[in-house]
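S.K.: Got a sequence here, can you build the structure:
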Amino acid sequence: MKAKRSHNWWSYIGDMSMERKLLLVFLIIITLPLSFISVISFKSYSESIQANTVAYSEKLIDQMMDSIDDYIEDMKRISSMPAYVNDIKQNLIRSNRYYEQKKMMEGKGNSPGLAPGDFDLLLSIQRGIEGNISFINNIKRGTNSVYIFDGYGNGYYSAKDGGVRLDLAQSYKFWSEQSKDSSGEALLFGTQAYTSNLQSTRYAFTIVRRIVDGLWNPIGLIAVEANVSNLENQVAELDKVTHGKSVIVDADGKVIYDSDQKLLTTDISRSTLFRQAVGSAGSFYDTVSGKERLNIYSSSAKTNWKVIISIPVDELTRGVQLTRNATIAATLIIVVLALIISIILSFALTKPLKQMIQLMKKVQNGDLDVTFRVKRRDEIGLLGHQFNRMLGRIRQLIQDIYRIEEQKKGAELQALQSQINPHFIYNTLESIRMTAEINDDVEVADMISILGKLLRYSTSELSGATTMKQELLYVRNYVELLGCRYPGRFVLQIDVPEELDNYSMIKLVFQPIIENAAYHGLDDTKPQMHLSIKCEIAEQKLLFHIRDDGCGMDKATLDKLNDSLKHEMPPKKSINGGIGMKNVHQRIQLHYGAAYGIEVFSEPGEGTDVILSLPLPGPQALAKEWKRTEGESA
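M.R.: Numbers count the residues shown, from 1 in each chain. A predicted model of the protein is given here:
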């Protein structure tokens, strides 16, 4: 199998032109060494850059984590201040005592309203606690809010930016539940989302500590809250240096902060990024959206928070890529110069062959009006001379076939148009004879005159060319002659715009359809038969509706008629037959194409509608004028 493939490759190379063979050898000799050197240099330099980036980024992450740890340690110290401020503890004890007494009174059924002096007591407690909170809040820059609660969950707070939690009761319940087993040590809670009293959503992490009295009895709770914006500058500085994106998560995989602030409070413990960040520090590669990333992470021993920074490999190797691109550019320049020299040398030999190939492609696409210019008497000149002789012979054969087909088409048209219905003429002459024998009247002269017009129109100009006006006049004469034979039985209405009077068309198109309606659709139960011809434009065609209100036809007869119209062979002429609808349909398709012809619609007892389609005249200017005229008349 391998030997066969090798043979195919050698055969393919052997069949190549000499110009391509020379170019292929030259490209291999020049590009292989340069490509090998470029790949080795790029790989070595890229690995060095990535190793240095990992070491440098880990150092930056450790520095940032130390800064965050110091900030959280300061928050813990602030949370321990109520233990050293006797005023806060005394006010909390007073608040607990007041609400304990109030609860006992409510249990005895007394009114829960404020007693005299209660308002002053509560105001004194609030001012005492919130005054100390304001002092605490100003100690550490960046602390947004400090909340102190008594033993019954009544909160006292002060916020620098005025952003106080609206869900303070729910927050206290959560903090109190989480710290119920603690003995006064500080607890760190990761980022939480909350709605402030300024109707904005904020994100903050919190230090919570239970407040105890001198006997270590719990008397309240303090929560020191910092907005995640305090981390923004440090993370932004890290991202700026490393050109990556950072995320800070706690030990459970909950996002404390991320560079885009789109994953705040999100649990990413199930993500591949978090699962691969195993251990306290390290690095790994992954691919996201088709792009490879270098992920570097480090953890804090104090908070168990972990910082993960993701750096696109493209950013790391940007300098390497510049070197690689410069090498590739130099290689391409050398190759292009070599190709130019080779092309100039081989152009003189290959140019005539290429010209002949282009001419052959044109012939393949149907353009036979091409000629190869023979300049020399060599092998290429001889080949071009034979090529020109072959094209000349092909053009002559095509002209002969076209002429034969035109003659055949003309013969078919004349044969179809020569099928004049003599049966109607015999019946009409018989009517004239009977009328002459019975009445000596001028009506005979009129009938003979109309018959003469019909005969002259149908037998003159075997080519069949006529105008719309003449064709419709022939129909009117025919129906008038029918009226002489069947007085008062037929009423004709023609609604065709005068703009189509000079429309060129083949002869005997409408009359055979009218004749078919008169002889096959006449309903003896009706005193009159109404015939109409109406024209409209639809789908870039002229559509003529030739309707009658005769007896119509059932579905089986209608389907049989339409199927016969679609038959490609011309109809056979019967002894008593004339130019029927199938004959008209065949002549229209022979003259105008398969897109035009006749289609019949009919309902029993309702009549028949024959739709005859013809091409639009000219560049549609007549159709536009017709629409404009109809709009003005409307």
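S.K.: show me what contacts the closest residue to Asp495 other than its chain neighbours?
M.R.: Nearest residue to Asp495 in three dimensions, chain neighbours excluded: Lys534, at 4.4 Å (Cβ to Cβ, 6 or more residues apart in numbering). (Each C-beta comes from the backbone N, C-alpha and C, glycine too.) Contacts for Lys534 were tallied using Cβ atoms under 8 Å, 6 or more residues apart in numbering; they are 495-496, 544-545, 547.
S.K.: swap in Val600?
M.R.: Val600 makes contact with 558, 561-562, 565, 581, 608-611 under the criterion Cβ under 8 Å, 6+ apart.
S.K.: try it again with 6 Å
M.R.: Residues in contact with Val600 (Cβ atoms under 6 Å, 6 or more residues apart in numbering) are 561-562, 610.
S.K.: SS state for it?
M.R.: With DSSP: H, G, I helix; E, B strand; the rest coil as the basis, the three-state label of Val600 is strand.
S.K.: Show me what it is bridged to.
M.R.: Here Val600 sits in beta bridges with Val610, going by DSSP bridges.
S.K.: circling back to that earlier point, for the residue nearest to Asp495, what is the enclosing helix or strand?
M.R.: When elements are assigned from DSSP states H and E, Lys534 belongs to strand 529-538.
S.K.: from the chain's centre, how far out does that strand sit?
M.R.: Offset of strand 529-538 from its chain centre (Cα atoms, centre = their mean, to the nearest Å): 45 Å.
S.K.: Name the strands paired with whichever helix or strand comes after it and say parallel or antiparallel.
M.R.: Counting by DSSP H and E, the element after strand 529-538 in chain order, helix or strand, is strand 541-548. Strand 541-548 pairs in its sheet with strand 529-538 (antiparallel), strand 607-615 (antiparallel), by DSSP bridges.
S.K.: Identify the residues contacting strand 541-548?
M.R.: Under Cβ under 6 Å, 6+ apart, the answer for strand 541-548 is 513, 517, 521, 531-536, 607-614.
S.K.: Check which helices and strands the longest strand along the chain sits against.
M.R.: In the chain, with assignment by DSSP state E, the single longest strand is strand 201-212. Under the contact criterion of 3 or more Cβ pairs under 6 Å, 6 or more residues apart in numbering; DSSP states H and E, strand 201-212 touches helix 18-79, strand 187-195, strand 218-227.
S.K.: One more pass at 8 Å, please.
M.R.: Contact here means 3 or more Cβ pairs under 8 Å, 6 or more residues apart in numbering; DSSP states H and E; on that basis strand 201-212 packs against helix 18-79, helix 86-107, strand 143-150, helix 168-178, strand 187-195, strand 218-227.
S.K.: and the strands paired with strand 541-548, which is most packed in?
M.R.: Neighbour counts (mean count of other Cβ atoms under 10 Å) averaged over each of the strands paired with strand 541-548 peak at strand 607-615, with a mean of 20.
S.K.: buried sites along stretch 184-196?
M.R.: Neighbour counts over stretch 184-196 (16 or more other Cβ atoms under 10 Å) mark 186-192, 194, 196 as buried.
S.K.: Of all the residues you listed, the one with the weakest confidence?
M.R.: Among the buried residues of stretch 184-196, Ser196 carries the lowest pLDDT, at 77.
S.K.: Quick check: it touching Arg165?
M.R.: Yes. Between Ser196 and Arg165 there is a contact under Cβ atoms under 8 Å: 6.6 Å.
S.K.: thinking again about what came up before, tabulate the strands paired with strand 541-548 (a markdown table), appending distance to Tyr99 and mean pLDDT.
M.R.: Output for the strands paired with strand 541-548, formatted as a markdown table (distance: least, Cβ to Cβ, whole Å; pLDDT from 0 to 100):
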| stretch | distance to Tyr99 | mean pLDDT |
| --- | --- | --- |
| strand 529-538 | 89 | 91 |
| strand 607-615 | 95 | 93 |
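S.K.: And those strands: which comes nearest Lys361?
M.R.: Among the strands paired with strand 541-548, strand 607-615 comes nearest to Lys361, with 34.6 Å by Cβ to Cβ.
S.K.: need the helices for the stretch 201-350 of the chain, in chain order.
M.R.: With helices called from DSSP state H, counting those that start in this stretch, the stretch 201-350 of the chain shows them at 229-242, 272-276, 313-316, 318-364.
S.K.: For the nearest residue to Lys103 once chain neighbours are set aside, give me its contacts.
M.R.: What sits nearest to Lys103 in space, not counting adjacent residues and going by Cβ to Cβ, 6+ apart, is Tyr152, at 7.7 Å. By Cβ under 8 Å, 6+ apart, the contact list for Tyr152 reads 95-96, 99-100, 103.
S.K.: hang on, the earlier thing: going by distance to Asp367, which of the buried residues of stretch 184-196 wins?
M.R.: Proximity of those to Asp367 (Cβ to Cβ) peaks at Thr191, which lies at 73.6 Å.
S.K.: what sits against the closest one?
M.R.: If a contact means Cβ under 8 Å, 6+ apart, then Thr191 has 203-205, 228, 254-257, 264-265 as its contacts.
S.K.: How about Leu123?
M.R.: Not one residue lies near Leu123 by Cβ under 8 Å, 6+ apart.
S.K.: likewise Ser259?
M.R.: Counted by Cβ under 8 Å, 6+ apart, Ser259 has contacts 235-236, 239, 245-247.
S.K.: Repeat the analysis, applying 7 Å as the threshold.
M.R.: Going by Cβ atoms under 7 Å, 6 or more residues apart in numbering, Ser259 touches 235, 239, 245-246.
S.K.: May I ask which two of these are separated the most?
M.R.: Across the contacts of Ser259, the longest distance by Cβ to Cβ is 9.3 Å; it joins Val235 and Lys245.
S.K.: Have a look at these two and say which one is more surrounded.
M.R.: Between Val235 and Lys245, counted using other Cβ atoms under 10 Å, the more crowded position is Val235 (22 against 17).
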